[in-house]
Every structure is written in structure tokens, then in C-alpha cells.
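>>> Output the structure for:
(one chain, ligands or ions: 1)
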Amino acid sequence: MYRVALASRPTGAPEAANFSYENAPIPTPGDGEVLVRVHYMSLDPYMRGRMDDAKSYAAPVPIGGTMEAGGVGEVLASNSPHFAPGDFAFGMFGWTTHGVQPANMLRKIDPTQMPITTALGVLGMPGFTGWYGLTELGRPKAGETLVVAAATGPVGSMVGQVARLAGLRTVGIAGGADKCRLATETFGFDACLDHRAYPDAKSLRADLREACPDGVDIYFENVGGKVLEAVMPVMNPHGRIPICGMISWYNAGGLGAGARDAGLTAPGLWRNILVNFLSVNGFIISNHFDRYPAFLTEVAPKVASGELRYIEDIAEGLENAPTAFMSMLGGGNMGKQIVKVI
Ligand code: NDP
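Residues are numbered from 1 along each chain as shown. The predicted model follows:
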């Protein structure tokens, strides 16, 4: 087997030198454990955080440790009555060709129901994140307006589609004309703005006001940065902001030069929350997996019927995982970023 390890911690954007490739013997499962051959592995923005040695909601990957990831694959050997060779399972195996996990940390996947890759995206952690954040914290109501950035990714596309089905006007923000076309044509957003086409938050805000003539009731926060600066002054009273992620700042950075003029200093932001009675809720989806069965019950049939759409971007080969990961952080992915391990 081989695995991709963290060779060094990045300063700013990760580089190829931050990763190393290690050969290792295939691990043997202990009592109650299961050995899985990973077929597909997920690449997610949170992995950037695990590369830093900073205090966070999860421990960092140690230097020399296997990069963290969820994956789906076939059971090769099992010391648990709950899994047999030939079964398919999802687990946190890491950036590796083979992984051993306790059976109670695995979720059985039925490959005859849906493609197994969906367990990493639309029906996995990211899709669940979009559904949970929107329905529980966004509290959508028909006739309202929702804005979400990274609109064609697995979180944003779920948010937009669930909101549309609930009767909201949905405005996506995405990087580039192709992604904006995908947002409106495939994911049914009423409008999409290409954040790369705007030099600053002010110009983005002007078009956002046009795209949201009744203001913004839910800003599902995926990115921070220029998009946050543009949206904040357009929020309606009693608006909701589920804070899901802030990818524009994962490699460091802060509010742009125009933020002060727009009143987006810390006092300005707090005042905006106060006078508009905004509900701002951060959440980490791993704390809410008790709701995962409800998500699957509601969403899986809609994915199976095509009512809810999804797009996957599959890189070939574990050796290409670092390149695909670095590209995804900068918006190079078209849909859920996955790596085909075999
Ligand atoms: P995506 O597959 O959408 O990939 C990330 C996307 O972020 C890129 O494709 C790019 O899209 C966008 N992006 C990158 N840099 C910028 C920037 N400077 N400004 C605006 N957009 C940028 O990711 P996911 O759907 O997996 O995740 C979306 C967000 O949700 C992330 O912030 C992630 O960390 C967060 N998340 C949070 C969870 C939680 O528990 N709170 C769980 C899962 C995800 P584009 O080219 O369209 O700009």
C-alpha cells in the first residue's frame, strides 16, 4: 500500500513540497476491525486546516502523519460480524490505498443503490452540511432570498437546490462564467454572479442588489472575504447567516481594503448584526450526525430521481491528490472533488 503524508506545514497556500509519498505494508485488522481497499477518496477544504499546528475544533495532522480524508472502498478482511469481504464501506481512512478502522467507525454503503462516490459528496458529509446548515440554521421560508457562494460545490449546490425547492429566490456566487452557467442551468439558481469578474466588494455589491431586489434573508457563509463584504450591507432585518466556512481566508488574509469604507470593521459588523436583528450561527457538521438519517430519508430519493442534481470532479490516482487538493482550494474543481484511488 502507499499513503500521502504531511511532510511540512504550509505558510499560505499549500505546495507540493508539503506532501510526501510513503510505501508501507498493508495493515492487519485487529479484533473488531476491518481492512478496506479504498476506491475513492474525498478532498475537502477542511483538510487545509489540519495542515496547520493551530488550536482548532480538530487536532492537526502530525508531521509524517497520513493526511486525513473520508473514503469509500471494498472490505478485504473483517474481524467484525457487521462486515464481510466484498462489502463496501465509508470511513475516515486518510489519503491512502488501504485502511483499517474499527467496525463501529464505518458506514456500510450499498453500491447497487447509488454510485459509491455519492457517499463522499451529495449524500455524504458535504451534502449533509448544506442541508443541515440551511434547514436548521437558515430556517428558509418561501418567498425569501438566499445567497450562497462556492455555489457549484457540494455544499453550495445542495444549499441552493434545497432552498429553491422550499420556494426561495436563490442567488449563487461562483468563480468564472462556466461555473455560473452550471449554477443556473444545472442547479437551478435564479441568478449567479462571478466573483472573479469584480475588482472589489463594492462593484460586486451593486450587482448583488440588482440580483436581490428584495434584499437577502439568508446568507449561507462558505467563503468570507470579498463576498461577505458585498453581502453584509444587503442583509434584511431578521436575516440568518449560518457560518459554514470561510475558504477565502484558509491560507490567511482578512477583510479587503474597501472593508473600512463599507463599515465592515469589527464594530461595523457587530452593529449590522445588532440593528438588523441577524441570527449568526457557526456550526461544525461532525457535531450533528444524529440528523444524518433524517437527511438521507429526505434527500436520497430526490438525488435518485434526479430532482436534486450533483456534479463530481474525479482526479485519477492517489499520487495526484495533492495537485487536485491545491487546485480545489483555489476553485479549480467543477463540482465535488474526489480522487479515484484505484
Ligand atoms: P467546494 O467544492 O465548493 O470547493 C471550494 C470552493 O471555494 C472552490 O471551488 C471555489 O469556488 C471557492 N473559493 C475558493 N477560494 C475562494 C475565494 N477567495 N472567494 C470565493 N470563493 C472561493 O467546497 P465545499 O462545498 O466542500 O465546501 C464549501 C465550504 O463549506 C468551505 O468553506 C468548507 O470549509 C465549508 N464546510 C464546512 C463544514 C462545517 O462543518 N462547517 C463541512 C463541510 C464544508 P468558486 O470557484 O466557485 O469560487
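>>> okay, CA-based contacts and neighbour counts for the rest of this
Will do.
>>> other SSEs contacting the lengthiest helix in the chain?
Under DSSP state H, the helix in the chain containing the largest number of residues is helix 292-305. Under the contact criterion of 3 or more CA pairs under 8 Å, 6 or more residues apart in numbering; DSSP states H and E, helix 292-305 touches helix 125-132.
>>> Can you list the neighbours in contact with the helix it packs on?
With CA atoms under 8 Å, 6 or more residues apart in numbering as the contact definition, helix 125-132 has outside contacts at 119-122, 154-159, 162, 285, 291-292, 295.
>>> Report the next helix or strand after it in sequence order.
Counting by DSSP states H and E, the next helix or strand C-terminal to helix 125-132 is strand 145-149.
>>> quick one on the thing from earlier: considering the contacts of helix 125-132, which possesses the most neighbours?
Within those, residue 157 tops the neighbour count with 33 neighbours, counted by other CA atoms under 10 Å.
>>> tell me the SS of that one?
Under DSSP: H, G, I helix; E, B strand; the rest coil, residue 157 falls in the helix class.
>>> That one - nearest residue in space that isn't next to it in sequence?
Of all residues not flanking residue 157 in the chain, residue 151 sits nearest, at 5.3 Å (CA to CA, 6 or more residues apart in numbering).
>>> so that neighbour makes contact with residue 172?
Yes: counting by CA atoms under 8 Å, residue 151 touches residue 172, with 5.2 Å between them.
>>> so what's residue 95 up against?
Residue 95 makes contact with 3-5, 41, 66-69, 318, 321, according to CA under 8 Å, 6+ apart.
>>> cool, and residue 228?
The neighbourhood of residue 228, defined by CA under 8 Å, 6+ apart, consists of residue 221.
>>> After the helix or strand containing it, which helix or strand is next? Please name it.
Per DSSP H and E, residue 228 falls inside helix 225-231. Using DSSP H and E, the next helix or strand after helix 225-231 towards the C-terminus is strand 235-243.
>>> Show me what the mean pLDDT comes to for the longest helix of the chain.
The pLDDT scores in helix 292-305 average 98.
>>> Stretch 156-171 too?
98.
>>> next one: stretch 50-69
Averaged over stretch 50-69, pLDDT sits at 93.
>>> Of all the residues in it, which ones are buried?
Using 16 or more other CA atoms under 10 Å as the test for burial, stretch 50-69 gives 50-52, 60-63, 66-69.
>>> Residue 322: neighbour count?
21.
>>> from memory it sits against residue 16, does it?
Yes: using CA under 8 Å, residue 322 makes contact with residue 16 at a distance of 6.6 Å.
>>> so how far is residue 112 from the residue nearest to residue 327 when sequence neighbours are not counted?
Excluding its sequence neighbours, the residue lying closest to residue 327 (CA to CA, 6+ apart) is residue 333, at 6.8 Å. Distance, residue 333 to residue 112, using CA to CA, to the nearest Å: 27 Å.
>>> what does the chain have sitting close to the ligand?
Contact residues (CA under 6 Å from any ligand atom) of the chain with the ligand: 44-46, 126, 129, 150-151, 153-156, 174-175, 222-223, 244-248, 283-285, 328-333, 335-336.
>>> Write the PyMOL selection for whichever of those residues are buried.
Under the burial definition 16+ other CA under 10 Å, those of the residues of the chain next to the ligand that qualify are selected in PyMOL by:
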select buried, resi 44+45+126+129+150+151+153+154+155+156+174+175+222+223+244+245+247+248+285+328+329+331+333+335+336
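>>> Against the ligand, how distant is residue 241?
Going from residue 241 to the ligand by CA to the nearest ligand atom, to the nearest Å gives 12 Å.
>>> pLDDT weak spots in this protein?
Applying pLDDT under 70 to the chain picks out residues 253-254, 256-258, 260-263.
>>> The same query, at a cut-off of 90, please.
Within the chain, the stretches with pLDDT under 90 are 54-58, 251-269, 342.
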